[in-house]
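Chemist: Could you work out the structure for the sequence below:
(2 chains)
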Amino acid sequence: GAVVSQHPSWVICKSGTSVKIECRSLDFQATTMFWYRQFPKQSLMLMATSNEGSKATYEQGVEKDKFLINHASLTLSTLTVTSAHPEDSSFYICSARWVGQPSYGYTFGSGTRLTVV
Amino acid sequence: KQEVTQIPAALSVPEGENLVLNCSFTDSAIYNLQWFRQDPGKGLTSLLLIQSSQREQTSGRLNASLDKSSGRSTLYIAASQPGDSATYLCAVYIYNTDKLIFGTGTRLQVFP
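Modeler: The predicted structure is shown next:
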């Protein structure tokens, strides 16, 4: 159980275009989803937290107008990188929080490799 | 501000060795600690979750311990195999902020 599906697994786009990444919880309802960014050989950096039906909370230094997050349902959150530039090239991973026994745990998507050319 | 550090940053060992990966955190007010595995270019796979009230968790050849008061966790891998090669990340859950803070990671390579 607690599977998170993330698509696409990789995408190449031209500079100036927008890219949408989807994150779905397949067998549970995710009231909260998290978006991370990971640079090569570095750890995960939290970008934003999204709660179903409300605006996302962005971490300091993350441009909310550039990284649009929508969490319209309990099973789907999307991250749109608007007007992408080469410096946005990175590995993006989503995560959903589930309440299991005995306590909280996190399940992660398989990640999306974004390359902006 | 919570900071999570992992030592060593990289480790290369022959098959069969028992390994110890370390994770330290600066603020002991955590709700739980989770160990993950990440293969190159892939997402994260949860290995073990330790609640703040627990001392250790075991799964197969993996054993994770938690000493909250000293801000340390250890992941023990018994009889390592080449298939264990990956990056191992620890992360602490900050209850009041609902955030998962990741460590710097340990890149493990087990050679035959």
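
Chemist: Any regions of chain A where pLDDT drops low?
Modeler: Where chain A drops to pLDDT under 70, the residues are A:1, A:98-104.

Chemist: and with 50 instead?
Modeler: A:101-102 (pLDDT under 50).

Chemist: what does it have sitting close to chain B?
Modeler: Taking CB under 8 Å from any CB of the partner chain as the contact definition, chain A meets chain B at A:6, A:32, A:34, A:41-46, A:49, A:91, A:93, A:95, A:97, A:102-111, A:113. The way it works is simple: take the backbone N, C-alpha and C, and place the C-beta from them, glycine included.

Chemist: among those, which ones are buried?
Modeler: Among these, those buried by neighbour count (16 or more other CB atoms under 10 Å in any protein chain shown) are A:6, A:32, A:34, A:43-44, A:46, A:49, A:91, A:93, A:95, A:97, A:104-111.

Chemist: Show me the residues of chain A next to chain B that map onto strands.
Modeler: Per DSSP state E, strands hold the following members of those: A:6, A:32, A:34, A:44-46, A:49, A:91, A:93, A:95, A:97, A:104-108, A:113.

Chemist: Can you list phi and psi of the closest residue in space to residue B:16 that isn't next to it in sequence for me?
Modeler: Leaving out its chain neighbours, the residue that sits closest to residue B:16 by CB to CB, 6 or more residues apart in numbering or on different chains is residue B:79, at 5.9 Å. With angles defined as degrees, to the nearest 10, residue B:79 sits at phi 50, psi 60.

Chemist: count of residues packed around residue B:79?
Modeler: The number of residues packed near residue B:79 is 11, by other CB atoms under 10 Å in any protein chain shown.

Chemist: Please apply the same query to residue B:21.
Modeler: 22.

Chemist: Hmm, it is touching residue B:72, no?
Modeler: No - using CB atoms under 8 Å, residue B:21 makes no contact with residue B:72, being 11.4 Å away.

Chemist: Flag the shaky bits of chain B, pLDDT-wise.
Modeler: For chain B, applying pLDDT under 50 flags no range at all.

Chemist: show me where it has strands.
Modeler: Ranges of strands within chain B are B:4-7, B:10-14, B:19-25, B:32-38, B:44-51, B:56-59, B:62-67, B:72-77, B:86-94, B:99-102, B:106-111, based on DSSP E.

Chemist: between those, which one is nearest to residue A:18?
Modeler: Checking the strands of chain B against residue A:18 by CB to CB gives strand B:44-51 as the closest, at 26.2 Å.

Chemist: for that closest one, which positions count as buried?
Modeler: Buried, per 16+ other CB under 10 Å, within strand B:44-51: B:44, B:47, B:48, B:49, B:50, B:51.
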